[in-house]
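Engineer: this is the structure alone, sequence omitted:
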């Protein structure tokens, strides 16, 4: 309609009072009379709110006072539009048509101003957080549609008992914007309406993204940053995506859907224009991080990024469902793909780093190797991401030259479980580090200490598995088999580390023996026991429970046997030789010495002091 009169109509800034209504047709029809009446009705209202004619209209918003007045104004514009359509079909040269077109331009100029003022003055009431807290259905049913007859008092009575005042104002503003938008679009002024809306709302989205800490970065910028700086930006990003997806973009989608409900095409173009740039920056950042240099230390932040997009994907897919926003969905998917590739690369690099470890320095006292601590802490953290990791490695099967030992599987049905792939990979990483520890055990010259080292480290592995999500992945069977392996290592340590001490005592400690034989047994026992205690005082068992179990096991085998020998032969030896100096240890002394072993206290200080206490007694 606006295009028909673009060249012939007077300027919309012309004084409305200069318009003179043309005379009625000599033979008016009923329809023509009705159309002329519509034009006259519109003229009176439009003149009242023409800022060029009324100082009051210059400062007073139409939609903030009497709502019935605003409704009548919109109805007058609709009536004017109907009259113009009728006159075009009857007489395109009618002077009434020219006057109607001029009135329409002035009216729509006023509506354009009102649309801008409502958007501007209700920024706080139309913020995405307020809008997203209610569905568009709730909004439409909470306030009567603008086209229905309702006054502000009626609106207040509907809303006061159910929602807060801020929400009431928000819904009224949305209804006003919707009514104006429908009127302007119907009259052919949709572009002006859309331009105002997109400029206003895009500034709000951009401002919100700035406050959330989301920046527009290039790969070269990210690549030059220290990892500590990137970590900080990731921290801000993880908070930003939750707010952006669930509140900012979601709220804008609801607002846009509601105001431009009469045109899905306009909704799509508006929403894409408002959110595309901000959303592309938001979902593009993870891809930039994924392209940076990959090290195992970056694994968990990378998984955090992947997890955030993964869990937000249903909402991303829903709110960016238009064809014009497909680039946003594609960017989110690309970021997930790149992050997944980065995780797989880091897993491979992590395994390679374990296998390439070539440290040749034995851990003092057979304690926990730093490699064991690092790897198991790392794998335990990975287990916390088992759901996300399962999604990443589902199409990336582990290829081995030989299958994993049966002890690394829960049961034959595991291969069909959703987490089977990640379980196999984590079990494989544990096996790699255990094999590496077998090689490091050979660095010890004392075989008993080698077995103690293996027991210590395997016990640490088992403890880490039991105390983390690894226990659910690997299962109780895995734990029981490896706990049994720890006991096997402990048994070999006892046999190799205490064999000489046990052998120094006779098989039958209560059998009759010559005094010289008894003296030799005591002397051999003293030497072997002292040497073993001195040596093992610098050895260590880090797990307190395991340490107590080992000491209890040694005591249960040694103390009763030595006690019987001591009670049977000590008195006779003293009588025969006239001295008890060869008997250095009482059964009670042995318990004191055994309490000092496997604590990593170092030299022979503890054993020497115990020996002095024994001699004095």
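Structural biologist: All right, it came through fine. As the structure is a prediction and not an experimental result, all values here were calculated from the model.

Engineer: quick one: low-confidence parts of the chain?
Structural biologist: Along the chain, segments meeting pLDDT under 70 span 1-42, 44-45, 47-61, 65-66, 82-100, 130, 132-164, 400-419, 571-581, 602-617.

Engineer: show me where it has strands.
Structural biologist: With DSSP state E as the criterion, the chain has no strands.

Engineer: okay, now the domains of it?
Structural biologist: 1-121, 123-146+159-336, 357-497, 504-616 (automatic domain parsing).

Engineer: nearest to residue 350, of the ones you listed?
Structural biologist: When the domains of the chain are compared for distance to residue 350 using C-beta to C-beta, the nearest one is domain 123-146+159-336, at 4.4 Å. Yep, even glycine has a C-beta here, placed from its N, CA and C like the rest.

Engineer: helices of the stretch 251-400 of the chain, start to end?
Structural biologist: 264-291, 299-319, 326-356, 370-383, 386-393 (DSSP state H, counting those that start in this stretch).

Engineer: just put the domains of the chain in JSON lines and tack on mean neighbour count and distance to residue 349.
Structural biologist: JSON lines is the format used below for the domains of the chain (neighbours: other C-beta atoms under 10 Å; distance: least, C-beta to C-beta, whole Å):
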{"stretch": "domain 1-121", "mean neighbour count": "16", "distance to residue 349": "52"}
{"stretch": "domain 123-146+159-336", "mean neighbour count": "18", "distance to residue 349": "6"}
{"stretch": "domain 357-497", "mean neighbour count": "17", "distance to residue 349": "12"}
{"stretch": "domain 504-616", "mean neighbour count": "16", "distance to residue 349": "29"}
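
Engineer: TSV for those domains, including distance to residue 351?
Structural biologist: Converted to TSV, the domains of the chain look like this (distance: least, C-beta to C-beta, whole Å):
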stretch	distance to residue 351
domain 1-121	57
domain 123-146+159-336	10
domain 357-497	6
domain 504-616	26
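
Engineer: nearest to residue 344, of these?
Structural biologist: That would be domain 357-497 among the domains of the chain, by C-beta to C-beta, at 5.7 Å.

Engineer: end to end on that closest one, go ahead and measure it.
Structural biologist: 29 Å (C-alpha to C-alpha, to the nearest Å).

Engineer: how about residue 469, nearest residue that isn't a chain neighbour?
Structural biologist: Excluding the flanking residues, the one nearest residue 469 by C-beta to C-beta, 6 or more residues apart in numbering is residue 383, at 3.9 Å.

Engineer: so residue 338 sits against residue 285, correct?
Structural biologist: No: at 11.3 Å, residue 338 and residue 285 do not qualify as touching, with contact defined as C-beta atoms under 8 Å.

Engineer: would JSON lines of the helices of the stretch 251-400 of the chain with distance to residue 503 be doable?
Structural biologist: Listed next are the helices of the stretch 251-400 of the chain as JSON lines, based on distance: least, C-beta to C-beta, whole Å:
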{"stretch": "helix 264-291", "distance to residue 503": "63"}
{"stretch": "helix 299-319", "distance to residue 503": "52"}
{"stretch": "helix 326-356", "distance to residue 503": "40"}
{"stretch": "helix 370-383", "distance to residue 503": "33"}
{"stretch": "helix 386-393", "distance to residue 503": "50"}
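
Engineer: what's the closest of those helices to residue 523?
Structural biologist: Here helix 370-383 is closest among these (C-beta to C-beta), at 41.2 Å.

Engineer: looking at the helices of the stretch 251-400 of the chain, which is closest to residue 246?
Structural biologist: Here helix 299-319 is closest among these (C-beta to C-beta), at 6.6 Å.
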